[in-house]
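Participant: coords please:
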Amino acid sequence: AVAVALGVVAAGGLLAAVAVFGLGSLLAREPWLATALRVVCGGYLAWLGLRLWLTARTPGTAPPEARGNAFRRGVLSNLTNPKAAAFFGSVLTAALPPTEPTAVKAAAVALIVAASAGWHLSVALLFSSPATQRWYAHAKPALSRVVGTVLVALGITLAVTP
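Facilitator: Here you go, the predicted structure:
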């Protein structure tokens, strides 16, 4: 859980840095790149949702070989999260104009990484507790199907909406 959380934090820091240091202007100049990014991210979200549906009844504990990919899964899940990309792409580019000093932009990214680490690591530790794991094991099939459906819908919507 901690490795996934750290992956999410790393990806959030990357998204924040990219937004603050110029992705918005690049995507505005190259609309094909924005379209490709949207389609790839939407496809990945739909794939994650489908996997949740297909594994809804499997036990919640990942096999040891899957745990090694936890950091990478955290990175991929946040990099393809349209909410994270929309937040960093819109709010940060509006709040920190291109004329802002580099030190201020770097400080903003560092604050985002620190806040994200605090939140995601807290959630990871909460879900590592035996009581939370017992509750989740019971609720997993229903939660996986609901979240899977939402991810498939979001992924398809993201991929086909200009």
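
Participant: In this structure, where is pLDDT below threshold?
Facilitator: Low-confidence segments of the chain (pLDDT under 70): 24-25, 27-28, 60-68, 90-91, 93-94.

Participant: residue ranges of the helices in it, please?
Facilitator: 2-20, 23-29, 31-54, 64-67, 70-79, 82-87, 93-95, 102-126, 130-160 (DSSP state H).

Participant: Turn those helices into TSV, including mean neighbour count.
Facilitator: From N, CA and C alone the C-beta is placed, and that goes for glycine too. Converted to TSV, these look like this (neighbours: other Cβ atoms under 10 Å):
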stretch	mean neighbour count
helix 2-20	21
helix 23-29	14
helix 31-54	16
helix 64-67	10
helix 70-79	19
helix 82-87	15
helix 93-95	12
helix 102-126	15
helix 130-160	14
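
Participant: so how far is stretch 75-82 off the chain centroid?
Facilitator: 3 Å (Cα atoms, centre = their mean, to the nearest Å).

Participant: Just the residues contacting that stretch, thanks.
Facilitator: 4, 7-8, 10-12, 14-15, 40-42, 44-45, 48, 84-85, 154, 158 (Cβ atoms under 8 Å, 6 or more residues apart in numbering).

Participant: swap in stretch 130-139?
Facilitator: 59-60, 126-127, 143.

Participant: residue nearest the centroid of this structure?
Facilitator: Asn78 (1.6 Å; Cα atoms, centre = their mean).

Participant: tell me the residue furthest from the middle of this structure?
Facilitator: Furthest out from the centre of the chain (Cα atoms, centre = their mean) sits Thr99, at 28.4 Å.

Participant: how about that one, phi and psi?
Facilitator: Thr99 has phi and psi values of phi -80, psi -10 when expressed as degrees, to the nearest 10.
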